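Provided below for reference: sequence and predicted model.
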Amino acid sequence: MRFLLPVFFAACVISCSHRSDDMDSPVVASTAIEDTTLLIIEPGAPTFTLHSPPPRLRRPFEWKKLSVIAMHSINSFFLVDGEEQGLEYELLQLYAKDRGLQVEINTVENYREMYDSIAGGNFDLVMGTLFINAAMDSIIPFTKPLYYADVVMVSTDKAKEKKTEPIRVIHHSPVHFWMHEQDTIIDRIRDSIEHLGTDLSRELALERVASNQLSRFVVDRNEFLIMHAFYPQLREHATVQRQQPIGFAFNRYSMSLQGNFDDWYEKHHKSKDYQYVVKKYQDHSAFMKEKLRYELPSIRKGVISHYDEIIKLHAKTHDFDWKLIAAIIHQESRFRPTVVSPVGAYGLMQLMPSVAKTYHINFTTLSSPNLNIETGTKYFRWIYNHFDKPEYAAADKIKFSLAAYNAGIGHILDAKALAVKYRLNPYVWDGNVEDMLLKKGTKQYYDDPVVKFGHCRGFETQVYVRNIMLYYEHYRNFLPVETL
């Protein structure tokens with residue numbers, strides 16, 4: 001299989017003067033607007049045209065707002081307990097705060113949606129682990145490198161045995177464009193590459209590798225490490241290239257934005273705040289890997305942890321088996337009272353600032369094991385009451401409550417509504433509501449009219465519930481009766 005990537009530009013002079021529907025933006029009297037047509041010579045591969053945004057002038061500094069196309073991912077943008085997170089999102093917020101701009105996020109799930117949104121033109125900036133490449137830069141100019149990431153090939157132990165299996169890359173993704181501009185890479189692997197559809201997300205592709213539906217897949221190492229936390233069978237097969245630049249891309253018609261951002265970047269990219277954000281998300285993958293990894297609990301002489309008596313006290317107050325609360329703490333913090341997650345959750349029960357606010361508690365005081373366990377158990381009781389109904393079996397009451405503790409009640413209610421719509425049982429977790437929560441990571445489902453709380457990374461919650469139920473079962477089986 002041979003690949004060539006010639007790029008040519010189709011220029012057309014634009015002299016229209018009609019008004020846009022987008023905040024009355026005038027059409028620019030432009031000299032030339034260019035689309036980039038990418039020809040990849042391979043069996044059955046269609047010609048792909050990356051369309052330039054229409055020439056409508058945008059005034060982000062006048063409007064005091066940045067409209068952003070963002071790919072859902074840990075690198076770019078995601079939600080935790082209703083709070084916006086993500087490496088690139090937080091870097092952008094540093095800039096926006098310094099410039100007095102609000103950030104409006106419009107999420108996409110795959111590159112097809114991204115390119116359609118770019119062609120629509122109603123944006124100022126694009127983020128989505130965009131490896132800097134010449135093809136995209138000709139249409140949506142890149143910033144200087146925000147940070148760097150390794151490009152890796154991912155497989156499983158089973159797939160490694162199949163050395164003749166193809167290497168998959170998402171068609172016309174930034175990684176795909178970047179690879180075709182690296183002659184040495186293509187020379188090494190050109191005859192093994194097969195392409196996946198542009199409408200497939202990186203997360204779904206990695207899920208398929210984990211289940212051995214795909215053999216080898218090229219992706220950035222950060223994305224691999226995060227997914228490895230959920231799918232430990234994934235393996236880094238090889239490093240394709242180390243430390244490759246990633247940037248934002250701009251709408252060329254957003255007045256002065258690129259130059260303004262580049263000026264800010266030059267002054268701030270070495271600052272403590274900027275470097276803290278980058279390091280925080282480098283640490284995030286290791287944190288998630290540890291948190292979601294199942295490890296056999298340790299029980300010594302009937303003792304789980306130093307905090308057993310505190311756990312028993314507050315579990316009794318809120319009518320829980322203390323071993324269930326201990327299982328939650330094991331999963332959340334491994335009984336370490338000062339753990340802070342990269343997204344801001346704190347302490348033994350990993351409470352978010354929003355929970356502290358709900359209970360009128362100074363967030364910094366949650367370093368106290370007693371207060372953290374008291375507040376966390378009280379919060380878990382509030383969640384449990386939503387599912388403490390006769391329609392739920394006893395085990396499902398716990399599973400639904402754990403899922404809501406991790407993902408938020410709103411996402412679980414959405415998954416229940418989807419279960420009803422797709423004729424599944426909304427009162428059963430395994431294989432029913434659990435499956436619908438997993439599907440909330442795809443646009444078809446999180447854009448469904450019955451869904452009120454949007455996108456959710458359901459596979460994290462799936463692993464979370466499974467682990468805690470295993471810990472709880474272990475504690476019940478091995479703790480002596482007298483410790484109850």
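The structure has been received and is ready for your questions. Numbering: from 1, shown residues only.

all strands for the stretch 101-250 of the chain, in order.
Counting by DSSP state E, counting those that start in this stretch, one finds strands in the stretch 101-250 of the chain at the ranges 102-108, 125-131, 147-156, 167-170, 193-196, 216-220, 234-250.

Ok, which of those comes nearest R56?
strand 234-250 (14.1 Å; Cβ to Cβ). From N, CA and C alone the C-beta is placed, and that goes for glycine too.

Counting by contacts, list what the closest one packs against.
Judged by 3 or more Cβ pairs under 8 Å, 6 or more residues apart in numbering; DSSP states H and E, strand 234-250 is in contact with strand 125-131, strand 147-156, helix 157-160, helix 183-189, helix 202-210, strand 216-220, helix 221-230, helix 257-268.

Could I get the CA-only coordinates of stretch 111-124 as PDB?
Provided in PDB are the C-alpha atoms of stretch 111-124 (Å, rounded to 0.1, in the frame of the first residue of the first chain):
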ATOM      1  CA  TYR A 111     -12.600  15.000  13.500                       C
ATOM      2  CA  ARG A 112     -15.500  15.000  11.100                       C
ATOM      3  CA  GLU A 113     -17.500  17.100  13.500                       C
ATOM      4  CA  MET A 114     -14.500  19.400  14.000                       C
ATOM      5  CA  TYR A 115     -14.000  20.000  10.300                       C
ATOM      6  CA  ASP A 116     -17.700  20.600   9.700                       C
ATOM      7  CA  SER A 117     -17.600  23.200  12.500                       C
ATOM      8  CA  ILE A 118     -14.500  24.800  11.000                       C
ATOM      9  CA  ALA A 119     -16.200  25.100   7.700                       C
ATOM     10  CA  GLY A 120     -19.100  26.800   9.300                       C
ATOM     11  CA  GLY A 121     -16.900  29.500  10.600                       C
ATOM     12  CA  ASN A 122     -18.600  30.400  13.800                       C
ATOM     13  CA  PHE A 123     -15.500  30.000  16.000                       C
ATOM     14  CA  ASP A 124     -12.300  31.800  17.000                       C
END
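
show me what contacts F250?
Counting by Cβ atoms under 8 Å, 6 or more residues apart in numbering, F250 touches D124, L125, V126, I140, P141, F142, T143, L257, Q258, F261.

What subset of these is buried?
For the contacts of F250, a burial check counting by 16 or more other Cβ atoms under 10 Å picks out D124, L125, V126, I140, F142, T143, L257, Q258, F261.

rewinding a little: closest one to L57 among the helices and strands packed on strand 234-250?
Closest of the helices and strands packed on strand 234-250 to L57 is helix 257-268, at 11.5 Å (criterion: Cβ to Cβ).

For that closest one, give me every contacting residue.
Against helix 257-268 from outside (Cβ under 8 Å, 6+ apart): 60-61, 66, 94-95, 98-99, 124-125, 141, 143-144, 146, 248, 250-252, 274.

And it, how far out from the chain middle?
For helix 257-268, the separation from the chain centroid amounts to 26 Å (computed by Cα atoms, centre = their mean, to the nearest Å).

pLDDT on that helix, on average?
On average, the pLDDT along helix 257-268 is 96.

Give me the angle between that helix and strand 234-250.
Using axes from the mean of the first three to the mean of the last three Cα atoms, to 10 degrees, the inter-axis angle of helix 257-268 relative to strand 234-250 is 120 degrees.

Between strand 125-131 and helix 257-268, find me the angle.
Relative orientation of helix 257-268 with respect to strand 125-131: 60 degrees, computed using the same axes, to 10 degrees.

For the residue lying closest to D319 once chain neighbours are set aside, give its distance to H330.
Excluding its sequence neighbours, the residue lying closest to D319 (Cβ to Cβ, 6 or more residues apart in numbering) is R381, at 7.5 Å. According to Cβ to Cβ, to the nearest Å, R381 stands 19 Å off from H330.

Where does the prediction get shaky in the stretch 51-200 of the chain?
Scanning the stretch 51-200 of the chain for pLDDT under 70 picks out 80-82, 159-164, 184-191.

thinking again about what came up before, got JSON lines for the contacts of F250, with distance to E434 too?
Formatted as JSON lines, those follow (distance: Cβ to Cβ, whole Å):
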{"residue": "D124", "distance to E434": "38"}
{"residue": "L125", "distance to E434": "36"}
{"residue": "V126", "distance to E434": "33"}
{"residue": "I140", "distance to E434": "38"}
{"residue": "P141", "distance to E434": "43"}
{"residue": "F142", "distance to E434": "40"}
{"residue": "T143", "distance to E434": "40"}
{"residue": "L257", "distance to E434": "43"}
{"residue": "Q258", "distance to E434": "44"}
{"residue": "F261", "distance to E434": "42"}
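
Out of these, give me the two with the largest separation.
Farthest apart among these by Cβ to Cβ are D124 and F142. That separation is 14.1 Å.

Which strand residues bridge the closest residue to S192 other than its chain neighbours?
The shortest distance from S192 to any non-neighbouring residue, by Cβ to Cβ, 6+ apart, is to I167 (4.6 Å). Beta-bridge pairing for I167 (DSSP bridges): I193, R216.

Since that was my last question, I'll sign off now.
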